[in-house]
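S.K.: coordinates only, sequence not included:
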């Protein structure tokens, strides 16, 4: 996540610092990907996410992730599929990794991707370390 449209949230970075120091012994695992349509301004300019965000600008759906894969040993890849029957006509422009406690861990803003009613959408979010 090395661009201005992606951020690891301060809440997640705090937890990472605590676990590596021994202050806590477990991190809540990534459980879902949240989708939103509030990641762009009215003129279509992508809004950079903020490290202090605790929610998406406008969440439209949250989906349980499949078992993560590891394309390289320092990256956890999370995936969801939005069914044909959900979010038809929605222009998705913000995506977040959400842990079991409901905390947003990483956020990415994108240009809008509009989902048609006769298609599934698959989203992949790489958590790179």
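M.R.: Received, thanks. Because the structure is predicted, anything quoted here is derived from the model rather than measured.

S.K.: Can you show me the helices along this protein?
M.R.: 10-21 (DSSP state H).

S.K.: Show me the residue at the heart of it, geometrically.
M.R.: Central residue of the chain (CA atoms, centre = their mean): residue 96, 1.7 Å from the mean position.

S.K.: List the beta-bridge partners for that one.
M.R.: residue 34, residue 107 (DSSP bridges).

S.K.: Next up, the contacts around it.
M.R.: With contacts defined as CB atoms under 8 Å, 6 or more residues apart in numbering, residue 96 is in contact with 33-34, 36, 56, 104-108. In this view, the C-beta of every residue, glycine as well, is placed from N, C-alpha and C.

S.K.: which two from those residues end up farthest apart in space?
M.R.: 36 and 105 (15.0 Å; CB to CB).

S.K.: which residues of this protein score low on pLDDT?
M.R.: 1-3 (pLDDT under 70).

S.K.: What residues sit buried inside stretch 101-115?
M.R.: Residues of stretch 101-115 classed as buried under the neighbour-count rule (16 or more other CB atoms under 10 Å) are 103-109, 115.

S.K.: Nearest to residue 51, out of these: which one, please.
M.R.: Using CB to CB, the buried residues of stretch 101-115 come closest to residue 51 at residue 107, 8.7 Å.

S.K.: do you know how far the spatially most distant residue from the centre of the chain is from residue 16?
M.R.: Counting by CA atoms, centre = their mean, the extreme residue of the chain relative to its mean C-alpha position is residue 22, 26.4 Å from that point. Distance of residue 22 to residue 16, computed by CB to CB, to the nearest Å: 13 Å.
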